[in-house]
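Chemist: Model the following, please.
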Amino acid sequence: MGNLKICYWEFDFLKRRTDSLHTSKDLSLFFGHDELTAFHNPLSLFYNEIEPDSKKWLLSNLKKLHYDAIPFDILIKLKNPKLKWLRITGEADESIKDKKNNSNKISGIIEIVDHIANANYAKEKIKHLLGPPSSSKKIELNAESALPSDSSPDFSSLLNDILDNYVYINHSMFSAFCKKKILASNEYIWYFDGSSAFLSKGLHKALGIKSIHNLYDLKKIIHPDDFNSLFHSLKSHFKSSSSTGWKTEYRIRKNNDSYIPIMDKAIILNKSDDNSPMIVIGIMSSLNRITKEKERIKDTNKNLKMQLQNLVVINKELEQFAYHASHDLQEPLRNITNILNLLESDFGDNLDKQGKKYIEFAQLSAFRMRNLVKAILEFSRLGNYQPKKETVDCNELVQDITEILHQKIASKNASINCHNLPVIESYLLALTQIFQNLIDNALKYSKKDVAPVITINYEEKPEYHEFSVADNGIGIEEQYLEKIFMMFQRLHTRSEYEGTGLGLAAVKKVLTKINGKIWVKSTVGKGSTFYFSINK
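Modeler: Below is the predicted model of the structure:
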């Protein structure tokens with residue numbers, strides 16, 4: 001193989017043939033080809049030596065050069081592991097263009113590169129300012145997407161695009177590329193490289209200024225009292241070995257001679273041997289806008305806090321109302337029930353069949369009303385419930401509940417099976433309410449002429465306890481799986497299944513009080529499984 005150091009290449013789009021890529025003979029010799037292919041080197045011959053990802057990257061830059069006359073100076077990795085990287089530059093001949101204003105002749109140099117330290121240095125700078133990219137694919141995608149002149153890319157995307165075109169050498173090409181990208185941006189971005197400076201379209205528009213070309217122009221728009229401290233701050237950062245981005249606040253002049261406070265962040269893409277900056281890219285943010293946004297957020301939080309306090313007060317009032325209303329309703333309901341019982345016992349023999357039916361209907365209605373009032377009273381008390389942890393033996397708890405529900409369990413010939421229920425530090429009253437309501441619910445919605453089978457399971461999770469109560473009942477249609485936890489939601493008439501419509505709502509309220517969760521899985525005709533979790 002030849003000892004390649006540097007060679008020239010040229011690509012002619014007008015020819016559209018295999019000899020459209022011209023290189024010096026050193027390139028063919030370097031790759032081990034004979035001298036006959038040296039001057040008119042087929043394009044495929046060159047591409048075959050490059051890794052697939054690098055090939056895509058090279059083609060992307062060639063397209064940018066052809067269509068937009070954007071020069072490039074990039075590093076390309078070769079397939080051969082013994083070989084190093086190739087540095088390839090490209091420029092367009094502006095004098096030879098087609099009808100669509102595309103450059104038909106492009107050329108550059110190819111050079112062997114022994115290290116990529118400078119490129120890695122720039123990547124580290126980007127990482128510290130933006131954080132690491134989510135994936136290399138994202139950077140590649142941004143690099144391959146040439147931004148249109150009227151687009152408004154965000155700063156992160158723009159920097160990644162610039163990074164993908166960055167290399168330490170051929171400064172003029174890189175400066176031209178940055179200028180094209182940044183001038184088109186609506187972000188508040190600026191660029192400085194020691195000899196030239198320019199601002200983005202967004203900054204020009206915000207400040208109302210015509211153009212910036214150099215450091216002197218930049219100085220003119222910075223407040224005189226801030227320039228010296230700003231300059232020293234930058235100089236100090238440039239000389240430091242810090243790998244973090246530079247950040248400061250100062251005032252900048254608009255075209256109406258008024259000054260606005262801004263926050264400025266910048267990164268140094270590379271440094272020269274004496275550690276002075278070579279390329280600096282920054283982004284400005286209006287402190288007025290930031291302050292207003294902070295004030296807006298503060299006001300929003302204040303309003304939300306007030307609304308939350310109002311909701312707490314309203315909920316308390318509603319709970320008190322429900323408590324007093326249900327409590328006060330119990331006495332007249334007891335009186336109505338007692339009067340109906342007296343009517344039945346004293347005058348029942350004098351009533352005909354229709355009269356007795358009316359008495360029976362009134363008694364049943366009073367009974368249901370008393371149960372509903374009692375349920376509302378218990379539900380309202382949950383708002384004042386203050387959870388307190390204690391040792392709970394879940395096996396004993398379920399046993400106690402089965403004794404409370406003994407009559408209903410016996411009447412339905414139901415069986416309740418428990419598996420691996422634990423002893424835990426939890427909330428006894430809350431667990432009692434939950435298990436009693438879920439077991440009662442399973443008994444209530446069992447199939448006719450089928451003995452209910454209720455199975456209670458437990459599974460320990462890293463951060464919470466998970467219980468399940470499964471039955472072989474009538475099941476629930478999927479469209480109602482969320483609605484059943486709402487107050488007074490009933491899926492069946494009272495003539496079919498007795499109930500107040502508050503049982504599952506009470507379970508959910510108790511679990512919400514102790515930061516727990518409840519959900520259900522069900523199949524119509526086969527049964528339901530209610531799951532609930534309690535934090536450890």
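
Chemist: Find the helix or strand that residue 263 is a member of.
Modeler: Secondary structure from DSSP states H and E places residue 263 in strand 259-271.

Chemist: could I have that strand exported to PDB, CA atoms only?
Modeler: Presented in PDB, the C-alpha positions along strand 259-271 are these (Å, rounded to 0.1, in the frame of the first residue of the first chain):
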ATOM      1  CA  TYR A 259     -31.400  47.700  27.500                       C
ATOM      2  CA  ILE A 260     -32.900  44.300  28.400                       C
ATOM      3  CA  PRO A 261     -31.300  41.900  31.000                       C
ATOM      4  CA  ILE A 262     -30.400  38.500  29.500                       C
ATOM      5  CA  MET A 263     -28.900  35.200  30.600                       C
ATOM      6  CA  ASP A 264     -26.200  33.900  28.300                       C
ATOM      7  CA  LYS A 265     -24.900  30.400  28.000                       C
ATOM      8  CA  ALA A 266     -22.000  29.400  25.800                       C
ATOM      9  CA  ILE A 267     -19.700  26.500  24.900                       C
ATOM     10  CA  ILE A 268     -16.300  26.400  23.400                       C
ATOM     11  CA  LEU A 269     -16.100  23.900  20.500                       C
ATOM     12  CA  ASN A 270     -12.300  23.900  20.400                       C
ATOM     13  CA  LYS A 271      -9.300  25.700  21.700                       C
END
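
Chemist: the domain parsing of the protein - what is it?
Modeler: What automatic domain parsing lists as the domains of the chain is 1-114, 290-380, 385-535.

Chemist: which one of the ones you listed lies closest to residue 206?
Modeler: Nearest to residue 206 among these is domain 290-380 (14.1 Å), distances taken as Cβ to Cβ. Using the backbone N, CA and C atoms, a C-beta is placed for each residue, glycine as well.

Chemist: State the mean pLDDT of the closest one.
Modeler: Mean pLDDT, computed over domain 290-380, is 72.

Chemist: Over to stretch 86-105?
Modeler: Averaged over stretch 86-105, pLDDT sits at 76.

Chemist: just to revisit the earlier point, residue 226 is nearest to which of the domains of the chain?
Modeler: Closest approach to residue 226 among the domains of the chain is made by domain 290-380 (17.3 Å; Cβ to Cβ).

Chemist: Can you tell me the SS state at residue 257?
Modeler: The three-state label given to residue 257 by DSSP: H, G, I helix; E, B strand; the rest coil is coil.

Chemist: How many residues are close by residue 521?
Modeler: 15 (other Cβ atoms under 10 Å).

Chemist: So for it, what's the pLDDT?
Modeler: 92.

Chemist: Tell me the pLDDT of the closest residue to residue 529 other than its chain neighbours.
Modeler: Among residues not flanking residue 529 along the chain, residue 470 sits closest, at 4.1 Å (Cβ to Cβ, 6 or more residues apart in numbering). Here the pLDDT value assigned to residue 470 is 94.

Chemist: got a list of what residue 470 touches?
Modeler: For residue 470, the contacting residues are 454-457, 527-530, by Cβ atoms under 8 Å, 6 or more residues apart in numbering.

Chemist: Against residue 450, how distant is it?
Modeler: Residue 470 sits 15 Å away from residue 450, going by Cβ to Cβ, to the nearest Å.

Chemist: got a list of what residue 347 touches?
Modeler: The contact partners of residue 347, by Cβ under 8 Å, 6+ apart, come to none.

Chemist: In a strand, it, correct?
Modeler: No - looking at residue 347 with three-state DSSP, it is helix, so not inside a strand.

Chemist: What's the per-residue pLDDT of residue 177 here?
Modeler: 64.

Chemist: before we move on, the earlier item: and the domains of the chain as JSON lines, adding distance to residue 202?
Modeler: JSON lines is the format used below for the domains of the chain (distance: least, Cβ to Cβ, whole Å):
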{"stretch": "domain 1-114", "distance to residue 202": "20"}
{"stretch": "domain 290-380", "distance to residue 202": "16"}
{"stretch": "domain 385-535", "distance to residue 202": "46"}
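
Chemist: ok, then the element right after the strand holding residue 263?
Modeler: strand 277-286.

Chemist: Partner strands of that following strand and their direction?
Modeler: Note on strand 277-286: by DSSP bridges, its sheet partners are strand 189-192 (antiparallel), strand 259-271 (antiparallel).

Chemist: Contact partners for residue 13?
Modeler: Contacts of residue 13 by Cβ under 8 Å, 6+ apart are 20, 66, 98, 102-106.

Chemist: Give me the buried entries from the residues you listed.
Modeler: Buried subset of those (neighbour count, 16 or more other Cβ atoms under 10 Å): 20, 66, 102-106.

Chemist: farthest pair in these?
Modeler: 20 and 102 (14.6 Å).

Chemist: Output the lowest mean pLDDT helix or strand found in this structure.
Modeler: helix 136-144 (a mean of 27; mean pLDDT, DSSP states H and E).

Chemist: about what we covered before: can I get the strands paired with strand 277-286 in TSV with distance to residue 232, mean pLDDT and mean neighbour count?
Modeler: Shown next, in TSV, are the strands paired with strand 277-286 (distance: least, Cβ to Cβ, whole Å; pLDDT from 0 to 100; neighbours: other Cβ atoms under 10 Å):
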stretch	distance to residue 232	mean pLDDT	mean neighbour count
strand 189-192	16	78	22
strand 259-271	14	76	19
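
Chemist: can I get the ones you listed in TSV with distance to residue 77?
Modeler: Output for the strands paired with strand 277-286, formatted as TSV (distance: least, Cβ to Cβ, whole Å):
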stretch	distance to residue 77
strand 189-192	29
strand 259-271	21
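
Chemist: isn't residue 523 right next to residue 473, touching?
Modeler: No - contact criterion Cβ atoms under 8 Å: residue 523 and residue 473 do not qualify, at 10.5 Å.

Chemist: These two: which is more packed in?
Modeler: Using other Cβ under 10 Å as the criterion, residue 523 and residue 473 rank with residue 473 on top: 22 against 12.

Chemist: Quick check on the more buried one: phi, psi?
Modeler: Backbone torsions for residue 473, taken as degrees, to the nearest 10, come to phi -80, psi -150.

Chemist: I'd say it and residue 445 touch.
Modeler: Yes - applying Cβ under 8 Å, one finds residue 473 in contact with residue 445, separated by 4.6 Å.

Chemist: Now do the shared contacts for the two.
Modeler: By Cβ under 8 Å, 6+ apart, residue 473 and residue 445 have these common neighbours: residue 528.

Chemist: Next, the buried residues of stretch 463-477.
Modeler: In stretch 463-477, counting by 16+ other Cβ under 10 Å, buried: 465, 467-476.

Chemist: Reformat the residues you listed as JSON lines; add secondary structure.
Modeler: Shown next, in JSON lines, are the buried residues of stretch 463-477 (three-state DSSP):
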{"residue": "465", "secondary structure": "strand"}
{"residue": "467", "secondary structure": "strand"}
{"residue": "468", "secondary structure": "strand"}
{"residue": "469", "secondary structure": "strand"}
{"residue": "470", "secondary structure": "strand"}
{"residue": "471", "secondary structure": "coil"}
{"residue": "472", "secondary structure": "coil"}
{"residue": "473", "secondary structure": "coil"}
{"residue": "474", "secondary structure": "coil"}
{"residue": "475", "secondary structure": "coil"}
{"residue": "476", "secondary structure": "coil"}
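
Chemist: Pull the most distant pair out of those residues.
Modeler: Going by Cβ to Cβ, the pair spanning the buried residues of stretch 463-477 furthest: 465 and 474, at 28.3 Å.

Chemist: Could you verify that residue 534 is part of a strand?
Modeler: Yes - under three-state DSSP, residue 534 sits within a strand.

Chemist: Dig out what it forms beta bridges with.
Modeler: With DSSP bridges as the criterion, residue 534 is bridged to residue 465.

Chemist: For it, which residues are in contact?
Modeler: Residue 534 touches 426-427, 430-431, 464-465, 467, 511, 514, 516, counting by Cβ under 8 Å, 6+ apart.

Chemist: Quick check: of the residues you listed, which lies closest to residue 405?
Modeler: Nearest to residue 405 among those, counting by Cβ to Cβ, is residue 431 at 15.3 Å.
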